[in-house]
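Colleague: let's see this in three dimensions:
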Amino acid sequence: MVVCFEATPKKIAALAALFVAGGSLFGFGLHMAYVNVAPQQARIKARNDFVRERLRKKYGNKSIFQE
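Modeller: Predicted coordinates:
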């Protein structure tokens, strides 16, 4: 296999720097997703409780899946 472009130390250093930068961006995104899980879950739970209470007031205590 023939390499079209010679791998110089400068190109290898640039490749390593870009690899580290990409990995750090991925790690930052992973951290932000992990940090924001609890508030999202709390918001979803609050919305579900609100909808359930609203349906309970409108239709009574019977399940909405019963006919």
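Colleague: name the next helix or strand downstream of the helix or strand in which Ile12 is found, please.
Modeller: Take DSSP states H and E as the rule and Ile12 turns out to sit in helix 9-35. Going down the chain from helix 9-35, the next helix or strand is helix 37-59, by DSSP H and E.
Colleague: which strands or helices does that following helix pack on?
Modeller: Applying 3 or more C-beta pairs under 8 Å, 6 or more residues apart in numbering; DSSP states H and E, one finds that helix 37-59 contacts no other helix or strand. To be clear about C-beta, it is placed using only N, CA and C from the backbone, and glycine gets the same treatment.
Colleague: tilt between that helix and helix 9-35?
Modeller: Per axes from the mean of the first three to the mean of the last three C-alpha atoms, to 10 degrees, the angle that helix 37-59 makes with helix 9-35 is 30 degrees.
Colleague: just the pLDDT for Asn36.
Modeller: What the model reports as pLDDT for Asn36 is 85.
Colleague: over to Phe65?
Modeller: 57.
Colleague: nearest residue to the middle of the protein?
Modeller: Ala33 (4.4 Å; C-alpha atoms, centre = their mean).
Colleague: tell me how far that one lies from Arg43.
Modeller: 15 Å (C-beta to C-beta, to the nearest Å).
Colleague: name the SS class of Phe5, please.
Modeller: Here Phe5 is recorded as coil under DSSP: H, G, I helix; E, B strand; the rest coil.
Colleague: show the contacting residues for it.
Modeller: Lys11 (C-beta atoms under 8 Å, 6 or more residues apart in numbering).
Colleague: look up how far Lys11 lies from it.
Modeller: 8 Å.
Colleague: with Ala21 instead?
Modeller: 16 Å.
Colleague: go on, Asn48?
Modeller: Distance, Asn48 to Lys11, using C-beta to C-beta: 54 Å.
Colleague: and for Phe26?
Modeller: From Phe26 over to Lys11 (counting by C-beta to C-beta), the distance is 22 Å.
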